[in-house]
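Asker: Pasting the sequence and the predicted model now:
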Amino acid sequence: MTATRSQGPGTAGRQINLIPLAPGSWPVILGAVAMVLGPLFGFLVGTMLGVDERVADISVLYVSLLVGFFVAALGLVAVLLGARRLIADSRARHQ
């Protein structure tokens, strides 16, 4: 079976209107992902590296988990800035 096009372009089917995301949506999405996955990956890296006998004061697990928490804090900042931009854009559209 072969498909033939008997009608011109744009005459058949439903017209699709592409609507872009509101400004600030991507920082909210990516910041939320960083908030969730930052500590998890920090814990994962810490457990993979194991215990280092050279550093007796601080465990590698604690340091990597702390770095994961800093990544989560940066994700929180991105979420807050993105939400602020979403709210400002929403207010500008409704005025």
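Answerer: Okay, I see it.

Asker: Mind jotting down where the helices sit in the chain?
Answerer: 25-49, 60-93 (DSSP state H).

Asker: so where's the protein shaky on pLDDT?
Answerer: By pLDDT under 70, the low-scoring segments of the chain are 1-11, 51-56.

Asker: re the thing from before, switch the helices of the chain over to a markdown table; also include distance to residue 18.
Answerer: For every residue, glycine as well, the C-beta is placed using N, CA and C. Listed next are those as a markdown table, based on distance: least, Cβ to Cβ, whole Å:
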| stretch | distance to residue 18 |
| --- | --- |
| helix 25-49 | 15 |
| helix 60-93 | 18 |
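
Asker: Reformat these as a markdown table; add mean neighbour count and distance to residue 14.
Answerer: Compiled in a markdown table, the helices of the chain are given as follows (neighbours: other Cβ atoms under 10 Å; distance: least, Cβ to Cβ, whole Å):
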| stretch | mean neighbour count | distance to residue 14 |
| --- | --- | --- |
| helix 25-49 | 16 | 25 |
| helix 60-93 | 15 | 26 |
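
Asker: Looking at those, spot the one closest to residue 17.
Answerer: Across the helices of the chain, residue 17 has its closest neighbour in helix 60-93 (16.8 Å, Cβ to Cβ).
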